[in-house]
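**Q** Sequence and predicted structure, then a few things I'm wondering about:
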Amino acid sequence: KIPFEKLTYSFSRSSGPGGQNVDKLNTKVEIRFNVEESDWLSSKIKNKLKETYSNRINKIGEFIVTSQEYRTQSENREEAENKLIEIISECS
């Protein structure tokens with residue numbers, strides 16, 4: 001189980017088409033967490049994340065998942081959380 005309350009969420013303007021929403025609303029969602037400091041992940045999963053998804057980990061060790069597919073922040077947040085669940089499941 002992923003403790004979503006321990007993750008860092010940030011919101012920004014999406015890029016690409018979408019009409020006025022793109023210009024005015026922060027609908028893009030980014031979820032971050034530090035892989036090494038995550039006490040809710042086993043060392044096996046941490047190692048697998050670092051091996052398989054090294055392109056999603058920044059220089060300070062944060063794993064980043066984004067979503068900007070939808071027109072609303074809530075839909076993008078749900079999509080980003082689902083992506084993270086899928087990635088963690090795949091690594092376990």
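**A** Alright, I've got the coordinates.

**Q** so who does the residue positioned nearest the centre of the chain touch?
**A** Centroid check for the chain by Cα atoms, centre = their mean gives Val65 as the closest residue, at 2.3 Å. Taking Cβ atoms under 8 Å, 6 or more residues apart in numbering as the criterion, Val65 is in contact with Glu30, Ile31, Arg56, Ala80, Lys83, Leu84, Ile87. Using the backbone N, CA and C atoms, a C-beta is placed for each residue, glycine as well.

**Q** Could you dump those into a markdown table and include pLDDT, distance to Asp39 and neighbour count?
**A** Converted to a markdown table, the contacts of Val65 look like this (pLDDT from 0 to 100; distance: Cβ to Cβ, whole Å; neighbours: other Cβ atoms under 10 Å):
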| residue | pLDDT | distance to Asp39 | neighbour count |
| --- | --- | --- | --- |
| Glu30 | 97 | 22 | 17 |
| Ile31 | 97 | 17 | 21 |
| Arg56 | 96 | 20 | 15 |
| Ala80 | 97 | 21 | 22 |
| Lys83 | 97 | 22 | 14 |
| Leu84 | 97 | 16 | 18 |
| Ile87 | 97 | 18 | 18 |
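
**Q** looking at the chain, which helix or strand is least sure?
**A** helix 20-24 (a mean of 62; mean pLDDT, DSSP states H and E).

**Q** For the helix or strand following it, give me every contacting residue.
**A** Sequence-wise, the next helix or strand downstream of helix 20-24 (DSSP states H and E) is strand 28-34. For strand 28-34, the surrounding residues in contact (Cβ under 8 Å, 6+ apart) are 6-15, 60-68, 73, 76-77, 79-81, 84.
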